[in-house]
Every structure is written in structure tokens, then in C-alpha cells.
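Student: here are the coordinates; sequence isn't available:
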């Protein structure tokens, strides 16, 4: 992965599976926690690494689909804010912000153009794994007591 723009474009053309069989469901974060993640992005705070498994391209064109192994809450929150129609949700409205209180109550489309550009232009890191590697990573993360549930520092609930 290179930028969130690349990730968002892949979501829009159905090249990222946010609901793989081996992953807990997305959307378990509270609205406040989602807003805190978006606020962090608007403040240009880098995201932790995403892990995806490459799913073989059935059309043989070499553009494999990604199944999210770790980062599903983060990716689905970003999609819900920037391109909610892609995942069949209503737009996320920001609330509970700590540093950008002027953006309270806004959707992505209501932000200034400068802030709108920040989210897709952020660089992100990602690791692409084989299916076998992704299953091993997921099992180790769950055995160690972390995974998407911890999702780093964006609130406790």
C-alpha cells in the first residue's frame, strides 16, 4: 500500500474484502472511536501497518483482491467517512473530537478542501501476505491477545 487514496480506489472497485471469513466483523467501534481515528488522520498522525492477504485473481489479469487480516476497523472507518456508499453505509459524522473541535458534526464533504485532501493523500504502510501467512499471523495475534480489537490508541471503546 502506498497512500490511502490507493486503498480507497481499491475499495471502490471491490478489490478489498472487508468481510473475509476468517476476520471478525467490521463496525464494532463506537462513533466516538471512529471520529478519533479520523481526527488523527486529519492531524496527519500515521496509521499502524495494515496486513492483507492476496486472494488470487479469478480473471487472470494479475490484479489480486485483498482480504484484510489486520486493520479492518481502521479501513472500514476510513471508508465510512470518505466513501461510505462503497460499503453501503451512511456517512460518518464526526463527534467527540479533542483537537479539531471546529470540525465537530461534519461529514467528509463538509470539511474544507484542504482537510479533504489530507485523508487520501496520507501515506500508509501495508504488508501483503499469502493466505497461509495471513492465517498464521492472525492466529498469533489472537493468541497474544491483540488484533483489530486493540486498534492502537483511538480510545478505549
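Tutor: That came through fine. Note that the structure is predicted; figures quoted are calculated from it, not measured.

Student: once you drop chain neighbours, what's closest to the spatially most central residue of the chain?
Tutor: The geometric centre of the chain, computed from its C-alpha atoms, lies nearest to residue 75 (C-alpha atoms, centre = their mean), at 1.0 Å. Distance criterion C-beta to C-beta, 6 or more residues apart in numbering; nearest residue to residue 75, sequence neighbours excluded, is residue 68 at 5.9 Å. Any C-beta I mention is one placed from the backbone N, CA and C, and that applies to glycine too.

Student: how about low-confidence regions in this structure?
Tutor: Low-confidence regions of the chain, defined here as pLDDT under 70, cover residues 1, 20-26, 57-63, 126-127, 129-135, 137-157.

Student: which residues of it fall in strands?
Tutor: Per DSSP state E, the chain carries strands over the ranges 16-17, 50-55, 65-70, 126-129.

Student: got the buried residues for the second one?
Tutor: Meaning strand 50-55. For strand 50-55, burial by neighbour count (16 or more other C-beta atoms under 10 Å) applies to 50-53, 55.

Student: if we can go back for a sec, surely the residue nearest to the centre of the chain and residue 8 touch.
Tutor: No: taking contacts as C-beta atoms under 8 Å, residue 75 lies outside contact range of residue 8: 9.3 Å.

Student: before we move on, the earlier item: so who does the residue nearest to the centre of the chain touch?
Tutor: Going by C-beta atoms under 8 Å, 6 or more residues apart in numbering, residue 75 touches 7, 11, 16, 18, 26, 50, 68.

Student: ok, so of these, who is nearest residue 41?
Tutor: Of all these, residue 41 sits closest to residue 7, with 12.0 Å by C-beta to C-beta.
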